[in-house]
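**Student:** turn this into a model:
(one chain, ligands or ions: 1)
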Amino acid sequence: MSWETPKELLAFAEYAAFAFLLRCIIVYGYHLTFHPLGKYPGPWLVGITDWYSAYYALLSRLHLVTYQCHQKYGAMIRLGPNKLVFNSYKALQDIYQSHRTNKVHSYLSTQLKPNTYNVFNCIPRSLHKIKRRMISKALSEQKLRKFEPILSQHIHIFLQQLLKASRARNPVNMTDRCKRLGTDIIGRYGFGYELNMQTEEANDFVISGLLGVSYMSNVLIQWFPRVYALRMKYYFLLKRMVKQRLAEGKDAKEDLFKYVMDAKDPETGTKFNLTKLVSEATFCASCFLTKLIPEGADTTSTTITAAFFYPSRNPSCYAKLASEIRSTFSSGTEIQSGPLLSSCTYLRAVMDETMRTSPPLGRTLWRELPVDDIESDKPLLVDGPLVPAGTWVGVNMYTIHHNEKYFPEPFAFRPERWLERDSTVREAFVAFGFGPRGCAGKVLAYMEASLTLAKTTWYFDFERPKSSKLDNIGGGTAGNTKGRGHVDEFQIRDYFVSDHNGPFLVFKARDDLWKDLE
Ligand code: HEM
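**Tutor:** Residues are numbered from 1 along each chain as shown. Now for the predicted structure:
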C-alpha cells in the first residue's frame, strides 16, 4: 500500500482510527450489555478484557483480588469477558464433578513441546483416563511404602542441615531448605536420580530460575528469550535424567519412571519415544511440574514451609504439636508411616489447616463447557445459573478456603477445627482439587509433609528469630490494603503455583537426640 501525499496518509490514519474506535464501541459495548455474562457482577473492566486478571496474575496476587471481588460482589462473579468464578460447595460439585466440563485449553501452555501431553495437561477425557491409570499405579500407597526408606534418607539430610545451622546459631530460611528437600525427593522418586540440591549447588537453576513464568503462558516465552533458554535448560536436564534412567533398565530402581517406561502411547499404540517420555516425566516424576519449576513453586514444599510458619507463630499450637509427637514416639527412628503416625491427629490437623490458610495452589482451577458440547440441548447449571457453552468456570481455592460459611474466623489458624465432631470443614477443603482431575499425589504429599514435620519436631525446638527484620519475612504487613494485611498469615505469591519466602526460624537440638543425625 502506498500513499501519494502526506494528506492521503493522514486521511488513511483517520479512517483506521475511526474504524478501530467503532470496533471497540461495538465489541466492548456488546460485552458489557448484551453478552450472556453481562448480567454477572464484577469490576467493569473484566467485561471487556482479560488484562485485568493478567495484570494481577503478573503481580502474583490474583488469588487475593479474586477474594476481594467475592467480598464485594458476592458468591458468583465475572472475572473476564468469558469467565465466571464461584464461591460455594455446590459450585465445586457442579463444575468439577460434571462429565461435561473439561480443563481449559490454556493448560496446554504447560506443554514442554507441541503435541506432547502429560496426565496434567491432557484435555480429552479418554486419553486422560489412560494416563491417570498409569500414574495412579505408581503413586499407590503400596508403592510409596517401598519408597519410604529413601524418602527418610532425604529427610535425614534435611535434619543434618538444620543441625549444622543450629550449631552455628544461624536462622534458617525454611522456603529455601524445604524447596531443596522437595526437589531432591522428587528427582529420586521420579527417576532414581540424585539431584543433591540439599548439599550441592550444581542444579540450583532448577529452583532459582525463571521457569515458572513459562507455565504462565507460552506467549511470554516468545517475548522473553531468557525464559525460553531456562525452559530448555530444564528440558535438557530432564532429558539427561530420562536417558540415564533408560540406560539403567526398567527394574533397576523402584521409582515412578519404572511404570512409564513400558507404557504404550495411547495415540499410536507404540512405546513412548524419548520426547514423549520427557513430557510424561515432567509430570509423573516431577509430580506435576511443580517440583521442578525453578520458581520453587512446589506444592509439597509450600505445605511443609507453611507448616513450620504457623506453629512458630502460635505457641499453643506449637506446644500441642510437640507434645503429641514427643509422647507418641519413643525415638526419632521410630517415626515412620503406620498406625503410630496415623494416630497423630493434631499433626494432620496442622497440615490441613496450613493448606487451608495458605493453599499451595491458591488460584482458580478453570474448567470449560466446550462449544461443541454434545449435550448442548441440556443446560449446565452451576450453583443455580445457566452457563453458556464456551464459558470458563471455576472456584478459586484461596477464596473458598476463606469462606466464613465453611470456615468460621477464616483468617485464624485453628487446627482444632479439623478435630471437632460434626465439623463440615472437609466439604469445602479443596487444596488437592476436586473430582476426577484432583491430585494424584496426595498420599505422597501427606507422607512427605508429615514425616518431615514430625521428625523435625522430635529432634529440635524451633522459634522465631530475635531480629525483627528476619522475623517479618513470610508474614503479612499490618495496614496493607492489598490483601496482605494479616500479619500471621503465611503469604503466598500466586503464580501458576504458589511461591513464597521465609519464614526464618532458629533451631535448637533437643538434648543429645542429635546423635542420631551424625
Ligand atoms: C501438598 C501438595 C500438593 C497439593 C496441594 C496438590 C494439589 C493439586 C491440585 C489442586 C491439582 C488439580 C490441578 C488442576 O485441576 O489444575 C493437582 C493435580 C495433580 N497432582 Fe497434585 N498436589 C500436591 C502434590 C502432588 C504430588 C507430590 C504429586 C505427585 C508425586 C502430585 C501429582 C499430581 C498430578 C499427577 C495431578 C494431575 C491429575 C490429573 O489431572 O489427573 N501432586 N494437585
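**Student:** which strands and helices sit next to the strand or helix carrying residue 160?
**Tutor:** Using DSSP states H and E, residue 160 falls within helix 141-167. For helix 141-167, the packing partners by 3 or more CB pairs under 8 Å, 6 or more residues apart in numbering; DSSP states H and E come out as strand 172-173, helix 174-191, helix 442-459, strand 460-463, strand 504-509. To be clear about C-beta, it is placed using only N, CA and C from the backbone, and glycine gets the same treatment.
**Student:** which among those is found nearest to the ligand?
**Tutor:** helix 442-459 (3.5 Å; CB to the nearest ligand atom).
**Student:** please determine whether the closest one lies in contact with the ligand.
**Tutor:** Yes. Shown here: helix 442-459 in contact with the ligand (CB under 6 Å from any ligand atom) through 444-445.
**Student:** do the same with stretch 243-256
**Tutor:** No. With CB under 6 Å from any ligand atom as the criterion, the ligand is not reached by stretch 243-256; the gap is at least 7.2 Å.
**Student:** how about the residues of the protein by the ligand?
**Tutor:** So the chain meets the ligand at 119-120, 132, 135, 139, 283, 287-288, 299-300, 303, 355, 360-361, 365, 431-433, 437-441, 444-445 (CB under 6 Å from any ligand atom).
**Student:** filter those to the buried ones?
**Tutor:** 119-120, 132, 135, 139, 283, 287-288, 299-300, 303, 355, 360-361, 365, 431-433, 437, 439-441, 444-445 (16 or more other CB atoms under 10 Å).
**Student:** now do stretch 161-170: everything it contacts.
**Tutor:** 171-172, 177, 198-199, 456, 459-460, 506-509, 514, 517 (CB atoms under 8 Å, 6 or more residues apart in numbering).
**Student:** out of those residues, which is nearest to residue 308?
**Tutor:** residue 456 (7.6 Å; CB to CB).
**Student:** tell me, how many residues neighbour the closest one?
**Tutor:** Neighbour count for residue 456, taken as other CB atoms under 10 Å: 23.
**Student:** ok, it to residue 174 distance?
**Tutor:** With distances taken as CB to CB, to the nearest Å, residue 456 is found 10 Å from residue 174.
**Student:** give me phi/psi at residue 86?
**Tutor:** Note on residue 86: backbone dihedrals following degrees, to the nearest 10 are phi -120, psi 160.
**Student:** what's across from it in the sheet?
**Tutor:** For residue 86, the beta-bridge partners under DSSP bridges are residue 76, residue 395.
**Student:** quick one: residues contacting it.
**Tutor:** By CB under 8 Å, 6+ apart, the contact set of residue 86 is 75-76, 95, 382-383, 393-395.
**Student:** quick revisit: of the buried ones among the residues of the chain next to the ligand, which belong to helices?
**Tutor:** Counting by DSSP state H, the part of those found in helices is 132, 135, 283, 299-300, 303, 355, 444-445.
**Student:** nearest to the ligand: which residue in the stretch 351-500 of the chain?
**Tutor:** residue 441 (2.0 Å).
**Student:** try the stretch 51-200 of the chain
**Tutor:** For the stretch 51-200 of the chain, CB to the nearest ligand atom, closest residue to the ligand: residue 120, 4.2 Å.
**Student:** tell me the pLDDT at that residue?
**Tutor:** Note on residue 120: pLDDT of 76.
**Student:** for residue 257, same thing?
**Tutor:** So, for residue 257, pLDDT stands at 66.
**Student:** flag the shaky bits of the stretch 151-300 of the chain, pLDDT-wise.
**Tutor:** Flagging of the stretch 151-300 of the chain using pLDDT under 70 yields the residue ranges 191, 202-236, 238-239, 254, 256-297.
**Student:** name the element residue 378 belongs to?
**Tutor:** Using DSSP H and E, no helix or strand contains residue 378.
**Student:** tell me the phi and psi of it?
**Tutor:** Per-residue torsions, residue 378: phi -100, psi 130 (degrees, to the nearest 10).
**Student:** tally of neighbours for it?
**Tutor:** Close neighbours of residue 378, defined as other CB under 10 Å, add up to 9.
**Student:** what do you get for residue 253?
**Tutor:** Neighbouring residues of residue 253 were enumerated by other CB under 10 Å; the total is 18.
**Student:** was I right about it contacting residue 190?
**Tutor:** No. If you go by CB atoms under 8 Å, residue 253 and residue 190 don't touch, sitting 10.2 Å apart.
**Student:** how about the strands in the stretch 1-150 of the chain?
**Tutor:** Ranges of strands in the stretch 1-150 of the chain, per DSSP state E, counting those that start in this stretch, are 76-80, 83-86, 102-103.
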